[in-house]
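> Provided below are the primary sequence and the corresponding predicted coordinates.
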Amino acid sequence: MGQVPLSSRITEVEYAISQGAAEIDIVIDRGLANIGDFKRLYHDLRSIKSVCVNGDVTLKTILSVTELDSYHTIYKMAMTAMMAGSDFIKTSTGMNYKCIITYSIYILHVFCFFGVER
């Protein structure tokens with residue numbers, strides 16, 4: 001879903017909720033993350049979260065960390081996802097497993113060490 005236009009993602013989320021979905025999994029747009037457009041990523045995630053809030057649905061954001069260009073980008077993307085209202089973040093879809101353990105440990109360390117409050 002990460003490479004699909006926002007309007008299409010919102011329509012898909014609305015449809016899933018209308019069909020009884022209790023949880024929505026969404027993959028970030030890795031291209032935006034890698035060019036540093038966190039404002040747009042925040043806006044996209046907030047827009048999707050607003051649809052979930054109306055349906056009282058959990059939003060899980062998948063970061064696809066193995067496709068992000070640096071630990072700094074992973075950190076900023078994780079923080080952006082949480083600040084935008086994601087209920088959970090996930091490191092990967094599981095489709096690309098190279099180095100996933102290293103990335104997962106990094107993200108867990110960041111959030112355990114610094115904590116996150118919304």
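Ah, there it is.
> in stretch 9-16, what's buried?
Residues of stretch 9-16 classed as buried: 9, 12, 13, 14, 16 (neighbour count, 16 or more other CB atoms under 10 Å). Bear in mind the C-beta positions are built from the backbone N, C-alpha and C, glycine included.
> The residues you listed in strands, which ones?
Judged by DSSP state E, the subset of the buried residues of stretch 9-16 located in strands is empty.
> Pick out whichever of the residues you listed sits closest to residue 68.
When the buried residues of stretch 9-16 are compared for distance to residue 68 (CB to CB), residue 9 wins out at 19.2 Å.
> quick one, phi/psi of the residue located most distally from the centre of the chain?
No residue in the chain sits farther from the centre than residue 19, which is 22.0 Å out by CA atoms, centre = their mean. Main-chain dihedrals, residue 19, degrees, to the nearest 10: phi -90, psi 10.
> what's the answer for residue 29, then?
phi -80, psi 100.
> Fine by me, we can end here.
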